[in-house]
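Peer 1: how would this look folded up:
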Amino acid sequence: MNIVICQDAKELGRRAAEDAATRIRDAIKERGQARIVVATGASQFEVLASLVSAPAIDWAKVVGFHLDEYLGLPMSHPASFRGYLKKRLVDRVPIGAFHYINGEGDGEAECGRVGALIVAEPIDVALVGIGENGHLAFNDPPADFHTDRPYLVVDLDEACRRQQLGEGWFPTLDDVPRRAISMSIRQIMKSRAIVCSVPDERKAEAVRATVEGGVSSLTPASILQQHPDATLYLDPPAASMLTCRTLAGRRIATKGTNETK
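Peer 2: Numbers count the residues shown, from 1 in each chain. Below you'll find the predicted structure:
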């Protein structure tokens, strides 16, 4: 796992987007198409803002998927991930196709529908984040590391639901859905590259456990240690609990340049 510590959340978003954009352009050049997975939530604001402005992406040759969606939430709801991505990505670039997860009907049937689409060809780059409880997508601990199903109906734990409340997506905890459709851990790990963006001090303990703990279903994001091409982009607050031993030799962003040291 590569680690890049940026000067702030804005720099983090720009660097993560540059990484993803390069991989998208390379995939189009090599294979004529790029297939991407896009995350949502507060951690992705700066990433998506930079990605939609990235130069020289032939968006007509991009096919997109997203990681997860609440069950029973309409697209018009402020917390809908479909609505989030429509506003911040799909409506802002001429993307060739974007396959939304619809959580308003039969969840298991929707898992089968979108799952068949995503396994048709490999994903070139997955943009993801890490939850306060260490989740990856909506795979809360203890996560299922073994299922081959590309999408699952999952129960959301209280820590996850409290994060959604704390980020301002819902007025009360009771309003946060208890179930969702999530891309599985093994499907995320099948991506050729993973760009993981994690700003904010409230994620610091999850980052420490992801990087410095062993691989464990109790910290689902720790599985990224086993991916051959995963990069973790952090701001200083998110990296604040990492030890000097971990940071030694890591890539540290230099302010105002594209260099790392």
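Peer 1: When you work out contacts or count neighbours from here on, use the C-alpha atoms and nothing else.
Peer 2: Will do.
Peer 1: the helices in the stretch 51-200 of the chain, which residues?
Peer 2: Under the criterion DSSP state H, counting those that start in this stretch, the stretch 51-200 of the chain carries helices at the ranges 81-85, 107-118, 158-166, 185-189.
Peer 1: out of these, nearest to residue 201?
Peer 2: Closest approach to residue 201 among these (Cα to Cα): helix 158-166, 13.1 Å.
Peer 1: Only C-alpha atoms, please: export the closest one in PDB.
Peer 2: This file holds the C-alpha atoms of helix 158-166, laid out as PDB (Å, rounded to 0.1, in the frame of the first residue of the first chain):
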ATOM      1  CA  GLU A 158     -24.500   2.000  14.700                       C
ATOM      2  CA  ALA A 159     -21.100   3.500  14.200                       C
ATOM      3  CA  CYS A 160     -21.600   3.700  10.500                       C
ATOM      4  CA  ARG A 161     -25.100   5.200  11.000                       C
ATOM      5  CA  ARG A 162     -23.800   7.700  13.500                       C
ATOM      6  CA  GLN A 163     -21.100   8.800  10.900                       C
ATOM      7  CA  GLN A 164     -23.800   9.500   8.400                       C
ATOM      8  CA  LEU A 165     -25.700  11.500  11.000                       C
ATOM      9  CA  GLY A 166     -22.500  13.400  12.000                       C
END
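Peer 1: Other residues contacting that helix?
Peer 2: Contact with helix 158-166 is made by 131, 132, 133, 140, 170, 171, 172, 173, 176, 177, 178, as judged by Cα atoms under 8 Å, 6 or more residues apart in numbering.
Peer 1: let's go with 10 Å and repeat that
Peer 2: Defining contact as Cα atoms under 10 Å, 6 or more residues apart in numbering, one finds that helix 158-166 is touched by 41-42, 79, 131-135, 138-141, 168-179, 202.
Peer 1: isn't residue 13 right up against residue 42?
Peer 2: No: contact between residue 13 and residue 42 fails when scored by Cα atoms under 10 Å: they sit 11.3 Å apart.
Peer 1: shared neighbours, the two?
Peer 2: Residues touching both residue 13 and residue 42 (Cα under 10 Å, 6+ apart) are 198, 199.
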